[in-house]
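S.K.: 3D model of this:
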Amino acid sequence: MPTVTVPTGFDPLSGTETALHAALEHIDQSAGRVVDIDASAHGKTVRSTFLRWLLIEALPGLQLPVPHLKLSHAVIKGELDLSGTTIATSLILVECTFQNELKLHDASLAGFAMEAGRATDILADRVKVGGSLLLRAARGQIKGPEISRLHLNGAEIHGNLDMRGCTLGSATSVDQKRPPLFADGVKVHGNAMLSYGFRCFGELRLNGADITRNLDCSGAQFRNPDGFTLSAAGAHVAGSLYLCRTKPWSTYPTLMPFASYGLVRLDGAKIDGDLDCNGGTFVAAAFPSHMPHDCRSTAAKPDYYAIRALGLETGSDIRLSRDDASRDPFNVHGVASFINVQVGGDLLCSYGIFDFAGEEPFEADGSIIAGRTYFDHIQANGILRFVQCDFKGGLFLNKAQFDTTAECRHLIDEEYTSQARLEGPACGIFAPLASVEGSFIWQGVTRKPDERQQRNRLWLYIPGSKANVIRDDEQSWKALDRFDVTGCQYDTILDLSAKQTKWRIAMLDSQYAILNRPHLRRLTIALERLARSNTIQKAMQRFQPLPYIQLANTYRSAGYESSATTVLVAMEKNRTRYSDMRFRQRLWRVLLRVCLRYGYSPFRPVLILIVWAIVSAAVFQCAYDAELLIPSKDNPSVPVPPPATARPRIEFNSIVYAVDTLVPIVDLSQRKNWVFKSLRTEPADTPSGQQHGWREALQKVWQTLPDNPSALLLVFNTFFGWMMTTLFAAGVSGLLRAGK
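M.R.: Numbering: from 1, shown residues only. Below you'll find the model as predicted:
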């Protein structure tokens with residue numbers, strides 16, 4: 001074996017350097033040709049220049065394979081510059097301290113491990129590591145190395161990037177211009193494990209990274225209130241991204257929570273597996289009360305975004321739910337933005353807490369979810385926004401609780417949010433033009449109990465949206481302050497029955513016919529007498545017929561024809577009240593409603609005639625008994641043998657007489673054969689050439705009327721019968737159907 005000669009420039013050697021030199025002299029006698037030195041027994045100090053000579057000259061000069069060089073508890077003085085070098089021996093540093101920078105730019109390493117210890121800056125842009133890059137806690141421990149700054153831009157790691165328990169940056173000095181981890185374009189052929197007690201004070205930057213397996217940040221703590229905590233814009237993770245509590249099935253003996261205090265940025269990232277945030281806590285800079293006391297934003301206008309994932313693609317699920325082991329819920333304080341996201345699996349948001357009072361803690365505009373979307377047992381005090389979202393597998397809102405008492409801070413300009421449409425701060429669902437292929441479940445929706453002061457409205461705003469099936473309940477609709485379902489299209493409603501017609505119409509009236517409420521009926525009448533007041537104008541603007549038409553079509557397709565008609569009649573009634581019709585048009589439509597139910601009950605005039613015929617028959621019978629009705633000249637008495645008295649040829653029948661007066665198109669031989677005995681005297685003619693006023697004309701008309709009520713009823717029945725039969729004919733033919 002060649003002799004290892006130490007250059008004279010290193011004299012005198014420290015104890016640890018002497019031990020390293022001796023180990024090289026006897027390398028062929030060591031087991032597996034491994035160099036393993038514990039510096040604590042030799043004074044700890046090692047010069048960086050000696051270590052560089054050892055790695056790039058001494059070891060290659062042995063002309064023997066030395067797989068590992070392990071150095072424990074050493075203090076490395078001076079800057080260790082290995083840039084551009086090729087080192088075939090894996091370097092393992094256990095609880096070592098670098099007093100100055102470690103430079104590995106463009107180096108090619110067989111492997112590098114740093115277990116615990118400290119380092120100021122490790123600068124390794126474009127480094128190539130043949131195995132794994134390990135910056136982790138020692139085995140059996142949680143606390144890993146403390147590194148001020150780590151650069152891995154363009155690096156390629158053929159194994160794992162293991163930083164479990166590592167601490168990057170400093171809690172006392174966060175520099176936005178110097179990210180603690182700067183690894184744009186890094187390529188990791190294994191797992192990137194920034195987990196199990198990993199902490200980063202500042203930006204964890206992985207833009208454009210390519211990770212062949214998982215990016216595991218479970219149990220990590222990210223703190224950067226004035227910027228990005230994790231920035232992985234344009235990154236590709238072939239496995240899953242874990243921003244959650246450590247999993248019980250993992251190898252970690254202790255389960256740790258995940259928290260991000262700042263903004264997680266995943267814009268344009270692609271994750272072939274899951275985005276798992278179960279049990280995680282995400283706090284935006286604008287919510288200092290939810291941050292540790294030593295982690296507060298110093299910006300004049302702190303950011304209100306906690307997660308931003310514009311254009312994210314996932315091959316499987318996005319999980320924003322409760323952790324099953326600890327039962328800790330997913331928490332977001334601020335905005336979780338998933339705009340234009342494509343989800344290959346489910347969007348699971350069960351047992352989550354969405355906190356951004358009166359504003360928008362969750363937004364998914366234009367997103368496409370291939371699987372199902374669950375918002376079960378969530379708590380929210382703001383708007384869940386799904387503008388033009390495409391739910392391929394259905395949208396399930398079950399047992400969601402909304403808090404309308406939290407005070408809105410107005411951090412977002414209302415012009416660019418849902419507040420402009422919802423007339424101020426609100427909470428609930430904002431999903432115009434959304435598409436649900438499958439079921440839309442709206443059940444068990446409640447408000448926060450024991451509400452003393454309501455500051456925000458609870459909204460369901462889904463105009464123009466589509467769904468195949470709706471599954472709802474009455475209490476969920478009653479929990480709302482406002483809803484807008486104008487232009488919504490749906491095929492059917494599960495559990496639909498005729499018994500539900502009344503409350504469904506009442507719910508539509510509460511939003512689209514706002515003056516129909518019982519306590520406002522008198523006010524409505526008074527306002528209608530006034531010139532178009534602001535209240536009437538507002539009510540007219542709120543009325544929309546489309547929700548009624550859609551509900552009626554759903555009833556009709558389910559076979560409930562009577563319920564469908566009831567809904568349409570309610571719509572036409574409101575159309576009469578809240579339209580811009582003139583008085584004569586309104587009066588005509590009132591007549592249509594009473595007599596024909598706007599054409600939907602064409603046989604109602606027949607029923608009215610039957611009822612009125614019975615009433616008239618009673619009146620005419622009384623007139624006959626009082627001898628006010630006598631046979632006409634065309635109904636002479638027919639002689640009969642004594643002692644019977646003569647009787648008219650056509651005998652009187654009150655029922656037939658009443659029908660004969662009401663039905664003008666048939667002759668039952670009663671009306672022309674029985675007449676009233678006396679009429680009012682004819683008024684005196686006005687002398688020729690003498691004109692009379694309107695009072696005299698009115699008096700003349702009055703004098704021509706019959707002088708008893710039963711005779712007056714005869715005149716009324718003539719006009720009433722013509723009107724009812726005409727309405728009946730028009731109703732049966734459909735000429736007077738509403739809308740024609």
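
S.K.: Going by neighbour count, list what's buried in stretch 66-76.
M.R.: For stretch 66-76, a neighbour-count test (16 or more other C-beta atoms under 10 Å) marks 66, 68, 69, 70, 71, 72, 73, 74, 75, 76 as buried. No exception for glycine: its C-beta is placed from N, CA and C like everyone else's.

S.K.: May I ask you to confirm that residue 222 belongs to a helix?
M.R.: No: Residue 222 is assigned strand when assessed by DSSP: H, G, I helix; E, B strand; the rest coil, not a helix.

S.K.: Residue 204 is in contact with that one, correct?
M.R.: Yes: counting by C-beta atoms under 8 Å, residue 222 does reach residue 204; the two are 6.2 Å apart.

S.K.: out of those two, which sits in the busier spot?
M.R.: Using other C-beta atoms under 10 Å, the more surrounded residue of residue 222 and residue 204 is residue 204, with 30 against 26.

S.K.: what sits against that one?
M.R.: Under the criterion of C-beta atoms under 8 Å, 6 or more residues apart in numbering, the neighbours of residue 204 are 168, 179, 180, 181, 194, 222, 228, 229, 230, 231.

S.K.: Check residue 486 too.
M.R.: Applying C-beta under 8 Å, 6+ apart, the residues near residue 486 are 463, 464, 544, 546, 547.

S.K.: Also residue 21?
M.R.: 4, 6, 13.

S.K.: Might you report the residue contacts of the first one?
M.R.: If you count contacts by C-beta under 8 Å, 6+ apart, residue 4 has them with 21, 24, 25, 58, 61, 62.

S.K.: ok so, going back, make a markdown table out of the contacts of residue 21 and add secondary structure and distance to residue 269.
M.R.: What follows is the contacts of residue 21, written out as a markdown table (DSSP: H, G, I helix; E, B strand; the rest coil; distance: C-beta to C-beta, whole Å):
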| residue | secondary structure | distance to residue 269 |
| --- | --- | --- |
| 4 | coil | 49 |
| 6 | coil | 50 |
| 13 | coil | 50 |
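
S.K.: how about those in CSV, adding distance to residue 713 and pLDDT?
M.R.: Shown next, in CSV, are these (distance: C-beta to C-beta, whole Å; pLDDT from 0 to 100):
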residue, distance to residue 713, pLDDT
4, 133, 76
6, 134, 84
13, 132, 90
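
S.K.: who wins for neighbours among the contacts of residue 486?
M.R.: residue 547 (22 neighbours).

S.K.: Spatially, which residue comes closest to that residue, not counting chain neighbours?
M.R.: Once flanking residues are discounted, residue 547 sits nearest to residue 485: 5.0 Å by C-beta to C-beta, 6 or more residues apart in numbering.

S.K.: coming back round to it: tell me, what's touching residue 222 and residue 204 both at once?
M.R.: Residues touching both residue 222 and residue 204 (C-beta under 8 Å, 6+ apart): 229, 230.

S.K.: which stretches of the stretch 151-300 of the chain have low pLDDT?
M.R.: Applying pLDDT under 70 to the stretch 151-300 of the chain flags no residue at all.

S.K.: and if we set it to 80?
M.R.: Applying pLDDT under 80 to the stretch 151-300 of the chain flags residues 248-253.

S.K.: And for the stretch 501-650 of the chain?
M.R.: 516-537, 634-648.

S.K.: Domain map for this protein?
M.R.: What automatic domain parsing lists as the domains of the chain is 346-409+418-495, 514-580, 604-733.

S.K.: doesn't residue 470 fall inside a strand?
M.R.: Yes: under three-state DSSP, residue 470 falls within a strand.

S.K.: residues in contact with it?
M.R.: Contacts of residue 470 (C-beta under 8 Å, 6+ apart): 439, 440, 442, 490, 492, 493, 494.

S.K.: hang on, the earlier thing: of the contacts of residue 4, buried ones?
M.R.: Taking 16+ other C-beta under 10 Å as the criterion, what is buried in those is 21, 24, 58, 62.

S.K.: Format the residues you listed as a markdown table; extra columns: secondary structure, distance to residue 131 and pLDDT.
M.R.: Shown next, in a markdown table, are these (DSSP: H, G, I helix; E, B strand; the rest coil; distance: C-beta to C-beta, whole Å; pLDDT from 0 to 100):
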| residue | secondary structure | distance to residue 131 | pLDDT |
| --- | --- | --- | --- |
| 21 | helix | 26 | 88 |
| 24 | helix | 22 | 85 |
| 58 | helix | 21 | 89 |
| 62 | coil | 20 | 81 |
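
S.K.: So which of those is the closest to residue 507?
M.R.: Set against residue 507, the nearest of the buried ones among the contacts of residue 4 by C-beta to C-beta is residue 58 (84.4 Å).

S.K.: picking that back up, the domains of the chain: which one's closest to residue 298?
M.R.: From the domains of the chain, taking C-beta to C-beta, the stretch that ends up closest is domain 346-409+418-495, at 18.6 Å.

S.K.: end to end, how far does that closest one reach?
M.R.: Taking C-alpha to C-alpha, to the nearest Å as the measure, domain 346-409+418-495 stretches 26 Å from start to finish.

S.K.: for the record, mean pLDDT for it?
M.R.: Average pLDDT, domain 346-409+418-495: 94.

S.K.: can you give me how far the longest helix along the chain is from the chain middle?
M.R.: The residue-count maximum for a helix in the chain (DSSP state H) belongs to helix 709-733. Averaged C-alpha coordinates place helix 709-733 at 56 Å from its chain's average position (C-alpha atoms, centre = their mean, to the nearest Å).

S.K.: correct me, but residue 87 touches residue 109?
M.R.: Yes: counting by C-beta under 8 Å, residue 87 does reach residue 109; the two are 5.2 Å apart.

S.K.: burial count for the closest residue to residue 728 other than its chain neighbours?
M.R.: Among residues not flanking residue 728 along the chain, residue 605 sits closest, at 4.1 Å (C-beta to C-beta, 6+ apart). Around residue 605 sit 22 other residues, with neighbours defined as other C-beta under 10 Å.

S.K.: same thing with residue 311?
M.R.: Residue 311, neighbours per other C-beta under 10 Å, totals 18.

S.K.: Straight-line length of stretch 324-334, end to end?
M.R.: Span of stretch 324-334 from end to end, C-alpha to C-alpha: 24 Å.

S.K.: can you tell me which residues contact residue 172?
M.R.: Taking C-beta under 8 Å, 6+ apart as the definition, residue 172 has no contacts.

S.K.: swap in residue 636?
M.R.: Here residue 636 is in contact with 648, 649 (C-beta under 8 Å, 6+ apart).
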